[in-house]
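Student: Fold the following for me, if possible:
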Amino acid sequence: MLSKGHGVLGARKMGALALLMLVLGPIAIGMLGGAYLNHPPCRTGAPGEGTCQNCHGTYSLNYGEGCIMVMGIPETYEPSCTYTLNASVYSPGMDRWCFEITIKPVVPNHPIGSFSLCDSRGTCISEDQRYIMSSRYGCGNAINGTRCWEFKWTAPSRADSDLTFYGVGMGEDGGGTGGDCVYTCMMATLAPPRVPDRPAGLLAEPGDGCAKLTWWMPEWCPEGWTYSSYRIYWSDQSTGGSRLLTEVDGTTYEHMGLTNGRAYRYQVAGVNRMGEGQLSEMVTCTPASVAMPPRALDADVSTGGSVQLYWQDPTSWGAGSGRFYTVLRGEHPWEMSVVAQELTSPSWVDTTLPRHNLTYHYMVRGRTSSGDGQVATVCLVVPPAAPAAPVCVEATAMSGRVEVTWQAPADDGGDAVRCYNLYRTVAGGTPQLLAERMSVTCYNDTSCLYGTAYSYTVTAANAAGEGAMSTAVEAQMALPATELDTVDLDIGDIPLPAVGAMAAVIIIGAVMVGRLALRSRSDE
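Tutor: Below is the predicted model:
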């Protein structure tokens, strides 16, 4: 028979044991749950990602006869269609099996669709639905060394890019990270084929008895949509249909044997395995003895963000009189506009860039009385510039502080503003840095003195550096009161009812204090 002390001791032991089970139970369950309890995400081997081998590196990647496979991926996907897929990991002699799969588009920023679950216990999905993986409860129950998982994938609503599935699978031996085998796979599904889009632009340059054609493909072209050739259509009539001139592989063609002074019309279409695409816009060219392209065109970016262009005279100015240059600029070679003309020297400085941190294309051509000559082209990346000055700066004197507020600059220089710097000037002196690298657009200056006039300026900074100072604003804290204001008051000025009320309050207070004193004595 246990004594009371033994009973208390036993109860305490039972309580401690229960607490230990509460603490260790979830840990044990998690350890039994499989490799992915603490598995870091994004380890599929896709571009920019590692694999599970970073931690489980006893054997080389894809070592031995094991593998991971994804079945059910269509050769060509249909937009918004849902497919049932199966992932399987074969790794003989292991205790646990797990996987992770994602999709990457060939065309940057193209949607990839989304995953959904068939087995909510054995698989799970990342919050953005771009990754699917085995859960902690879905890593066992393999048959002959193979573990399978079923899930669904819904194709994107837009089908302008081929998609690549990247998968990683792992077989664990149950003895920690050593002795595990890691496998990867990569499989593609193609976008529905279609004829090419129209060429992005067509340029026709006149020559002496010829026309030089140049065109550009769209900026992206999915696998299987490549242009196998281009068909050039032309007409030497002002009205009527065009006829096929030739079919070429490249994106330039020089049409010879033309008559100077006669107008010719041209269009180009891309051709692939699905057929001929849409025709480009029609351009007109009138051959003449015009200037050849300027030579050795080059461009540099100055520290201030302007672009310096320089070139050499063309080998021939043609038969016309007068010699001038025209400069065109654009973010794409098929969207150019004139930015300078009637230049007489072979150089020019562009100080009117609309934006920075972009690639700009330039064309330079000579011009005579015979018309515009052929162009020389160059492109360069203009880096970001320092931001403009912050706007709407205000300084407000408060009690014991000056509050300074401002707004972001209208021009960030092509790169996002990273921080702000605040400067303070005292009594007409030079600006002194008061606060730096601030991510907010306000600051409370608590170090200012009463009666001293201050002026404040703000700058913004980005990857290119610190920008210009804002317009200065001034503030001054008023001197505080040194003594309380006094009021001369005559009792005769107080109304009689108010005097009576004040007397009543005093009498009631005295009575309450007396009662409290008597109660205190009786308690003693």
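
Student: CA only for contacts and neighbour counts going forward, please
Tutor: Noted.

Student: where does the chain have low pLDDT?
Tutor: Under the criterion pLDDT under 70, the flagged ranges of the chain are 1-40, 175, 218-227, 480-524.

Student: got a list of what the residue nearest in space to the middle of it touches?
Tutor: Taking Cα atoms, centre = their mean as the criterion, Asn109 is the residue nearest the geometric centre of the chain, at 10.0 Å. Listed by Cα atoms under 8 Å, 6 or more residues apart in numbering, Asn109 has no contact partners.

Student: Next, Tyr183: phi, psi?
Tutor: Backbone torsions for Tyr183, taken as degrees, to the nearest 10, come to phi -130, psi 150.

Student: How about the contacts made by it?
Tutor: Contact analysis of Tyr183 by Cα under 8 Å, 6+ apart lists 61-63, 66-68, 168-170.

Student: at 7 Å what do you get?
Tutor: With contact taken as Cα atoms under 7 Å, 6 or more residues apart in numbering, Tyr183 is in contact with 61-62, 67-68, 168-170.

Student: got it, and Gly72?
Tutor: Taking Cα under 7 Å, 6+ apart, we find Gly72 in contact with 84-86.

Student: distance of it from Trp153?
Tutor: 10 Å (Cα to Cα, to the nearest Å).

Student: Common neighbours of the two, please.
Tutor: In contact with both Gly72 and Trp153: Thr84, using Cα under 7 Å, 6+ apart.

Student: any idea where the strands of the stretch 201-350 of the chain begin and end?
Tutor: 201-207, 210-216, 229-235, 243-248, 252-256, 264-272, 275-276, 283-285, 295-301, 307-312, 324-332, 335-343, 347-350 (DSSP state E, counting those that start in this stretch).

Student: From the rest of the structure, what touches the second one?
Tutor: Which is strand 210-216. Here strand 210-216 makes contact (Cα under 7 Å, 6+ apart) with 199-206, 251-258, 285, 287.

Student: thinking again about what came up before, the contacts of Gly72 in helices, which ones?
Tutor: In helices, judged by DSSP state H, none of the contacts of Gly72 are found.

Student: Buried members of those residues into ChimeraX, please.
Tutor: Entered in ChimeraX, the line below selects the buried ones among those, by 16 or more other Cα atoms under 10 Å:
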select :84,85
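
Student: Could you pick out which of the contacts of Gly72 are located in strands?
Tutor: Judged by DSSP state E, the subset of these located in strands is 84-86.

Student: Now tabulate those residues in CSV and tack on distance to Phe324.
Tutor: As requested, those are exported to CSV (distance: Cα to Cα, whole Å):
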residue, distance to Phe324
Thr84, 66
Leu85, 66
Asn86, 68
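
Student: so, if you compare those residues, which one comes nearest to Gly176?
Tutor: Proximity of the ones in strands among the contacts of Gly72 to Gly176 (Cα to Cα) peaks at Asn86, which lies at 27.4 Å.

Student: In space, what's closest to that closest one - neighbours in sequence excluded?
Tutor: In space, and not counting its chain neighbours, Asn86 is closest to Glu150: 4.6 Å by Cα to Cα, 6 or more residues apart in numbering.

Student: And for that neighbour, the neighbour number?
Tutor: When neighbours are defined as other Cα atoms under 10 Å, Glu150 has 17 of them.

Student: ok now the helix or strand containing it, how far from the chain's centre?
Tutor: In this structure, Glu150 sits in strand 146-154 according to DSSP states H and E. With Cα atoms, centre = their mean, to the nearest Å as the basis, strand 146-154 stands 32 Å off its chain's centre.

Student: Same check on stretch 395-413?
Tutor: Between the centre of stretch 395-413 and the centre of its chain there are 29 Å (Cα atoms, centre = their mean).

Student: Now do it: distance from first to last residue.
Tutor: Chord length of stretch 395-413, first to last residue, is 26 Å (Cα to Cα).

Student: Can you tell me the closest non-neighbouring residue to Arg365?
Tutor: Setting aside the residues directly before and after it, Arg365 is nearest to Val375 in space (Cα to Cα, 6+ apart), at 4.5 Å.

Student: what's the next secondary structure element after the helix or strand harbouring that neighbour?
Tutor: Following DSSP H and E, one finds Val375 within strand 371-382. Next helix or strand after strand 371-382 toward the C-terminus (DSSP H and E): strand 391-398.

Student: and the angle for the helix or strand just after that following strand with strand 391-398?
Tutor: Once strand 391-398 ends, the next helix or strand along the chain (criterion: DSSP H and E) is strand 401-407. Orientation of strand 401-407 against strand 391-398 (axes from the mean of the first three to the mean of the last three Cα atoms, to 10 degrees) gives an angle of 160 degrees.

Student: Do a quick rundown of the strands in the stretch 51-200 of the chain.
Tutor: Counting by DSSP E, counting those that start in this stretch, the strands of the stretch 51-200 of the chain are 67-71, 82-90, 96-105, 114-117, 123-125, 131-134, 146-154, 163-172, 181-189.

Student: Among those, which comes closest to Thr352?
Tutor: Thr352 lies closest, by Cα to Cα, to one member of the strands of the stretch 51-200 of the chain: strand 96-105, at 37.2 Å.

Student: Pairing partners for that closest one, with directions?
Tutor: Next to strand 96-105 in the sheet, as set by DSSP bridges, lie strand 131-134 (antiparallel), strand 163-172 (antiparallel).

Student: Now do the last one: everything it contacts.
Tutor: If I follow you right, that is strand 163-172. 44-46, 51, 68, 89, 91, 94-106, 180-190.

Student: Please consider this matter closed, and thank you.
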